[in-house]
Structure formats: C-alpha cells, structure tokens
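Enquirer: coordinates only, sequence not included:
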C-alpha cells in the first residue's frame with residue numbers, strides 16, 4: 001500500500017447529485033478535496049448562481065483569414081489576457097447566429113477541452129467583435145462579483161484546480177457546462193474586489209501598450225525596406241518555362257509560383273540582404289517520442305508551447321530514464337540566452353528570441369538559430385524580420401500545399417533577409433525590448449492578483465491587501 005493515495009468518502013458524498021453523481025477516484029483526490037474545503041470553510045458561492053456560463057459553437061464553423069468577427073480558440077486564452085494573434089474570423093451572418101457567445105469587455109474565458117484545460121483570460125476593452133469556439137467557456141458575472149475578481153480567482157490555484165477537477169478524464173479531457181456551474185467561488189469583500197480590478201486593469205493597459213509598441217517596430221521595419229503599403233498580388237496566372245521553374249526549384253505545384261511571392265522576394269533582393277544560412281548557425285533538436293513523456297521531469301517544449309510573444313509552461317516533460325541515457329546530448333541541446341527559436345512544422349515560421357537560458361530541450365520541430373556576427377545583425381531585429389510578412393510569405397510559398405505544414409531546413413536556409421542600417425536595427429530592437437518589458441509588467445500584475453486571492457483564502461484579506469500594496473510599489477520603483 002506504500003505510495004498509494006487513499007481517500008475514503010461516504011457513498012452519499014460520492015453519489016451527490018450536485019456533482020452529477022461523480023464516483024471516479026480522480027475527482028476525490030486529496031488535493032482537490034483540500035482545496036475545496038479551504039474555500040467552503042469561508043464564505044462562498046456556487047458559480048452558476050452568480051454568473052452566466054456558456055461555451056462556444058458546437059458545430060463546425062467556416063472560418064476566414066479576415067472577416068467580420070474574430071473567432072477565438074483555446075490558443076488565444078493561454079496568457080491571461082485574450083489576444084488576437086493568429087485568430088480566425090467568421091462572417092457577420094454567422095456571428096449573428098451566435099449571439100450568446102458574442103464577447104463583451106471584461107468577460108472571462110477559460111479553456112474547457114484538451115491539454116490546456118483551465119487556462120483563463122479576460123477580454124480587453126478594445127478587442128472588437130468576437131465569438132468563441134466550442135473548446136472555450138465564457139463566464140460573465142450576473143451579481144455583485146466583479147469579472148476581474150472572477151478572472152483572478154480562476155488564475156489562482158483554487159479556481160484553476162477546482163475547474164480542472166471537473167474534467168471528464170476521457171481520452172479528450174472535457175469540462176462540461178454542468179460541471180463548471182457547480183464550482184465553489186470564495187466570496188471576498190467589495191474592497192478586495194476593487195483592488196483586484198485595479199490590478200487587472202493596469203495589466204490590460206500594459207499589454208495594450210506592449211502591442212502598440214511592437215506594431216511600431218514592425219511598421220518601422222516595413223518602412224525601411226519600402227513594404228509598408230505592400231499588397232500581395234492576387235493574379236492567379238504566372239507563366240514560367242521549365243528552365244525558370246522546375247529546373248531551378250524542383251517544384252511543379254502552381255501555388256509555389258504565385259506572383260505575390262515573386263514580388264516580395266524582388267523587393268527584398270533589390271536592397272542589401274543575405275540568406276539566413278549566411279547569418280545564423282542552425283541547430284536541430286531531437287524527437288524523443290511520446291513513450292518518454294511524463295507529467296514532470298525535464299521540460300520538453302513543443303511548437304504549441306511558444307509564440308512570437310513568449311513561452312508558456314510546457315505541457316510535456318521527459319522522464320528520468322531518457323534524461324540519463326542522453327545526458328551529454330541534452331546538455332548541448334538546451335537553448336541558451338540569445339538563441340532564436342524557430343518553428344519548421346505546424347505553425348511554421350514562428351520566431352522567439354530567448355531572453356534567458358531554457359532549462360529543458362525543444363522538439364525537433366523547433367530549430368535553434370544563433371547569429372554569427374551580432375555587430376552586423378541584432379537578434380531582436382532578426383526575430384522581428386522572421387515574424388514579419390516578409391518571411392511569413394516565404395514560409396507560405398515553401399511549406400504550402402500539405403495538410404500538416406512542414407518547412408524543410410534546406411528551404412529555411414535559403415530564406416532572404418533584408419539587412420538595414422545598423423542604427424535603424426538598434427531603433428527597432430529598442431522598441432521590441434520596450435514591448436516585452438511592458439508585457440512582463442502585465443504578467444507581473446496578473447501574478448500579483450492571482451497570489452493575492454490565494455493569500456485572502458489561506459490567511460485573510462488584510463494580509464492580501466498589504467501584499468498587493470507591497471508588490472505594486474516594489475515593481476513601480
């Protein structure tokens with residue numbers, strides 16, 4: 001019996017109709033019972049009695065690259081504040097059919113299907129028209145509870161774990177609306193809620209400034225190379241001889257030779273430029289295989305775990321056996337500060353510049369790029385180029401035409417990169433770093449709100465309010 005977790009519950013508890021008669025052992029794990037006991041020993045309410053709860057469309061929507069309404073999925077809620085990076089769109093007609101999922105500022109959204117169950121985000125004030133997909137739940141207060149507080153509660157270990165507890169435990173984990181409505185919510189004072197609202201609002205403002213600053217950097221890049229007003233050519237016909245096409249590229253698919261790709265390459269190559277292979281060293285990582293995946297161990301970053309805006313906590317870890325058997329290889333493959341991570345599979349062409357060492361390894365779908373001469377090219381500048389439409393269109397040309405996108409390393413080596421004046425590179429890099437500094441401030445404020453809720457539950461609101469005051473003053477100084 002050593003090492004086993006046993007939690008004995010009465011039959012009347014296990015078959016409680018309130019929880020739809022859950023009898024699975026996972027639901028009654030001690031960690032979940034302890035968290036709920038801490039909440040319910042204080043004043044609390046049931047979520048379904050204080051908020052409107054719904055989820056997204058259950059059918060399959062026809063989506064577009066642009067359109068009337070943004071169509072948000074789980075990938076948009078991972079960072080605490082809803083973002084519209086790589087968001088799909090639906091038509092106005094479709095949006096009007098989905099009135100119950102039409103977003104309002106400060107709605108709380110939580111992932112309810114798949115590996116990222118329990119991630120919460122709040123809708124910023126300027127998000128525009130939006131709806132949610134099936135794998136996202138919407139929570140909107142209908143009581144004296146502030147949405148900002150509900151967001152902080154679901155960021156905390158109490159809200160997040162009690163939410164995760166409700167998952168079905170099937171091959172595809174799912175938290176249904178019936179279960180979401182039964183979650184216990186700690187009831188704080190109005191003063192505490194207002195303090196949490198102030199923090200969340202500051203966080204939203206900071207991420208908004210961060211986004212604006214990054215757009216400034218992108219616009220400066222495009223302005224420098226004369227592509228700020230570039231509109232892709234939509235002409236469907238481009239006549240090429242054999243010697244101009246297959247003999248050079250080995251490609252016979254018509255999509256590859258669209259004029260829009262030629263135009264962007266021509267624009268770059270009529271000014272100082274270089275091939276990516278000449279300016280960076282490229283290192284490929286390894287693919288251990290799912291047999292070595294664990295819930296804890298060495299962090300294993302996959303394409304889904306990073307974006308141009310930052311990293312999320314990896315969903316997979318590698319077990320001790322694999323780490324021990326590949327000790328030297330792993331040591332050399334851990335990406336260091338200054339490395340640019342670059343995806344070649346799935347969401348191809350996504351780049352992120354590491355600002356600190358990563359204590360783990362990446363999948364083989366992520367390349368490690370290291371600049372050969374930083375006196376010639378600044379990492380922050382190259383990263384924004386790699387994430388720009390200049391390289392995105394090269395990725396689209398090379399990797400298009402397959403169900404699962406794959407960008408070959410040989411093609412990536414041949415990517416053309418504009419080389420602008422070093423002073424302008426510095427100007428762009430400064431804007432990028434300012435953007436990430438504002439993003440870090442936003443994340444810090446979310447963390448303060450989350451921790452304050454946990455302190456209020458575990459100790460009291462007075463101590464939690466002091467924590468808020470100390471943390472916000474310390475960060476400001």
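Expert: Everything's here; your move. Computed from a prediction, not measured in an experiment: that's the story for all the values here.
Enquirer: Enumerate every residue touching residue 151.
Expert: 108, 120-122, 200, 449 (CB atoms under 8 Å, 6 or more residues apart in numbering). Where you see a C-beta, it was placed from the backbone N, CA and C, and this is true even at glycine.
Enquirer: so where does it fall, helix or strand?
Expert: helix 147-155 (DSSP states H and E).
Enquirer: Check which helices and strands the following helix or strand past that helix is in contact with.
Expert: The first helix or strand that comes after helix 147-155 along the chain, using DSSP H and E, is helix 157-165. Packing partners of helix 157-165 (3 or more CB pairs under 8 Å, 6 or more residues apart in numbering; DSSP states H and E): helix 30-40, helix 147-155, strand 184-186, helix 422-458.
Enquirer: Quote the end-to-end distance of stretch 335-352.
Expert: 12 Å (CA to CA, to the nearest Å).
Enquirer: And it, how far out from the chain middle?
Expert: 14 Å (CA atoms, centre = their mean, to the nearest Å).
Enquirer: buried ones in that stretch?
Expert: Neighbour counts over stretch 335-352 (16 or more other CB atoms under 10 Å) mark 335, 339-352 as buried.
Enquirer: and if you look at stretch 44-63?
Expert: Those would be 44-45, 47-48, 50-51, 53, 55-57, 61, for stretch 44-63 by 16+ other CB under 10 Å.
Enquirer: swap in stretch 129-148?
Expert: 130-141, 145-148.
Enquirer: Whichever of the contacts of residue 151 end up buried, select them in PyMOL.
Expert: Burial among these is assessed by 16+ other CB under 10 Å; the matching PyMOL selection reads:
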select buried, resi 108+120+121+122+200+449
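Enquirer: Among the contacts of residue 151, name the ones in strands.
Expert: Using DSSP state E, the subset of those located in strands is 108, 120-122.
Enquirer: now the strands for the stretch 301-450 of the chain?
Expert: 306-307, 310-311, 316-318, 340-343, 351-353, 361-362, 366-371, 416-418 (DSSP state E, counting those that start in this stretch).
Enquirer: Please work out which of these is packed deepest.
Expert: Looking across the strands of the stretch 301-450 of the chain with neighbours counted as mean count of other CB atoms under 10 Å, the highest average goes to strand 361-362: a mean of 27.
Enquirer: what pLDDT, on average, does that one get?
Expert: In this model, strand 361-362 has a mean pLDDT of 95.
Enquirer: Pull the residues that contact it.
Expert: Against strand 361-362 from outside (CB under 8 Å, 6+ apart): 285-286, 298-302, 318, 330, 333-335, 341, 368.
Enquirer: So what are the structural domains in the chain, by residue number?
Expert: According to automatic domain parsing, the chain comprises the domains 39-187, 188-225+427-477, 232-419.
Enquirer: Between its first and last residues, how far does the first one reach?
Expert: Meaning domain 39-187. OK, domain 39-187 end separation, CA to CA: 9 Å.
Enquirer: Stretch 412-419: end-to-end distance?
Expert: Using CA to CA, the end-to-end distance of stretch 412-419 comes to 17 Å.
Enquirer: Stretch 284-301 too?
Expert: 13 Å.
Enquirer: what's the residue closest to the geometric middle of the protein?
Expert: The central residue of the chain, meaning the one whose C-alpha is nearest the mean C-alpha position (CA atoms, centre = their mean), is residue 78 at 4.6 Å.
Enquirer: of all the buried residues of stretch 129-148, which two lie farthest apart?
Expert: 134 and 146 (27.1 Å; CB to CB).
Enquirer: one step back: which of the contacts of residue 151 scores worst on pLDDT?
Expert: Scoring the contacts of residue 151 by pLDDT puts residue 120 last, at 94.
Enquirer: Test my guess that that residue contacts residue 81.
Expert: No. Using CB atoms under 8 Å, residue 120 makes no contact with residue 81, being 9.9 Å away.
Enquirer: Any idea how far apart the tips of stretch 371-385 sit?
Expert: For stretch 371-385, the end-to-end distance is 13 Å (CA to CA).
Enquirer: An error on my part: the question was meant for stretch 57-70.
Expert: 13 Å.
Enquirer: what is the rounded mean pLDDT of it?
Expert: pLDDT averaged over stretch 57-70 gives 88.
Enquirer: Show me what that stretch is in contact with.
Expert: Residues from elsewhere that reach stretch 57-70, judged by CB under 8 Å, 6+ apart: 71, 84, 87-92, 94-95, 98, 101-102, 127-134.
Enquirer: Any figure for the gap between residue 206 and residue 153?
Expert: 21 Å (CB to CB, to the nearest Å).
Enquirer: Neighbour count: those two, which is higher?
Expert: A direct count of neighbours by other CB atoms under 10 Å for residue 206 and residue 153 places residue 153 higher, at 30 against 21.
Enquirer: separation between the more buried one and residue 274?
Expert: 51 Å.
Enquirer: before we move on, the earlier item: to residue 383, which of the strands of the stretch 301-450 of the chain lies closest?
Expert: Comparing these by CB to CB, strand 351-353 comes nearest, at 4.3 Å.
Enquirer: Let's test this: mean pLDDT of that closest one, rounded?
Expert: So the average pLDDT for strand 351-353 ends up being 95.
Enquirer: If you count contacts, what does that strand end up packed against?
Expert: Going by 3+ CB pairs under 8 Å, 6+ apart, strand 351-353 lies up against strand 340-343, helix 379-386.
Enquirer: So which of these is nearest residue 393?
Expert: helix 379-386 (12.1 Å).
Enquirer: Show me what that closest one is packed against.
Expert: Under the contact rule (3+ CB pairs under 8 Å, 6+ apart), helix 379-386 is packed against helix 190-224, strand 340-343, strand 351-353, strand 366-371, strand 416-418, helix 422-458.
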